[in-house]
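Undergrad: sequence? don't have it. structure:
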């Protein structure tokens, strides 16, 4: 996890929790980006079918 700038054992615990939150936040953002592109793709297909 790199350097821990928080003091004592409570700082170690806080650092571990913050690292987990950051990891899960990145996963959430990636999932939302995937969902957004799926929605855009579905809308584009619907528009193409309506125009055809």
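TA: Alright, I've got the coordinates. Remember, predicted model here, so these are calculated numbers, not experimental data.

Undergrad: for the chain, what spans make up the strands?
TA: Remark: no strands are assigned in the chain by DSSP state E.

Undergrad: Return, as residue ranges, the portions of it with sub-threshold pLDDT.
TA: Counting by pLDDT under 70, the chain has low-confidence residues at 1-2, 4-6.

Undergrad: Tell me which stretches of it form helices.
TA: Secondary structure of the chain by DSSP state H: the helices cover 8-51.

Undergrad: Now find how far off-centre stretch 16-26 is within its chain.
TA: Computed by C-alpha atoms, centre = their mean, to the nearest Å, the separation of stretch 16-26 from the middle of its chain amounts to 10 Å.

Undergrad: One more: stretch 10-30?
TA: 12 Å.

Undergrad: Enumerate the positions of it that are buried.
TA: The neighbour-count check on stretch 10-30 (16 or more other C-beta atoms under 10 Å) flags residue 15 as buried. In short, each C-beta sits where N, CA and C put it, glycine included.
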